[in-house]
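Student: Need the 3D shape of this:
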Amino acid sequence: MHGTIERYQKHTKDSQTNNPPSEHNMQHLKREAAAMMKKIEQLETSKRKLLGEGLGSCTIEELQQLEQQLERSVTTIRERKMQVYKQQIERLKEKEKALCAENAMLCDKFGLQTWGRAGSNEERAVAPSAEISEVSDVETELFIGLPETRHKRH
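Tutor: Numbers count the residues shown, from 1 in each chain. Predicted coordinates:
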């Protein structure tokens, strides 16, 4: 059985090396390569126009089509950007919740008062200290001149 399989494999290898690609197949491959080259050139021209290069030969209709394509592209880009922003905002909100929970747990652990939602200044008000509550005299009059003359007027 193994001998038969080996002879078959050898025969198929020999037939593949003895039969070069046909002339018809070569012509087909050449036409396909030429078509691909033409398509590549068209794509490169289109790319240059989208980048604003080589517009001198464009008609008004071509320029309008190009403008519409760019506007559609900008709309698509903006939609994607907004989607990414929304995803980032959601991730940050989740992170904020986790950090607030961790903060509350740490405050409880150390016997401190929690301040509620981070970033809320009203909830973070601290009772005034003795230093702040003391009334101090502040001179509020406007004086023009050297500092020595200020004290002489009073």
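
Student: Please give the element, helix or strand, for residue 6.
Tutor: Following DSSP states H and E, one finds residue 6 within helix 2-18.

Student: in the helix or strand that that helix is followed by, what's buried?
Tutor: Next along the chain after helix 2-18, taking DSSP H and E as the criterion, comes helix 23-50. Judged by neighbour count using 16 or more other CB atoms under 10 Å, the buried positions of helix 23-50 are residue 49. To be clear about C-beta, it is placed using only N, CA and C from the backbone, and glycine gets the same treatment.

Student: swap in stretch 92-112?
Tutor: Taking 16+ other CB under 10 Å as the criterion, stretch 92-112 shows none as buried.

Student: next one: the helix holding residue 6 to chain centre, how far?
Tutor: The chain centre lies 56 Å from the centre of helix 2-18; the measure is CA atoms, centre = their mean, to the nearest Å.

Student: for stretch 34-42, same thing?
Tutor: On CA atoms, centre = their mean, the centre of stretch 34-42 falls 33 Å from that of its chain.

Student: May I have it as CSV, with CA atoms only?
Tutor: Below are the C-alpha coordinates for stretch 34-42, written out as CSV (Å, rounded to 0.1, in the frame of the first residue of the first chain):
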residue,chain,number,x,y,z
ALA,A,34,-2.2,44.8,-16.4
ALA,A,35,-5.7,45.3,-15.0
MET,A,36,-4.3,45.4,-11.5
MET,A,37,-1.7,48.0,-12.5
LYS,A,38,-4.4,50.1,-14.0
LYS,A,39,-6.5,49.8,-10.8
ILE,A,40,-3.5,50.8,-8.7
GLU,A,41,-2.9,53.9,-10.8
GLN,A,42,-6.6,54.9,-10.4
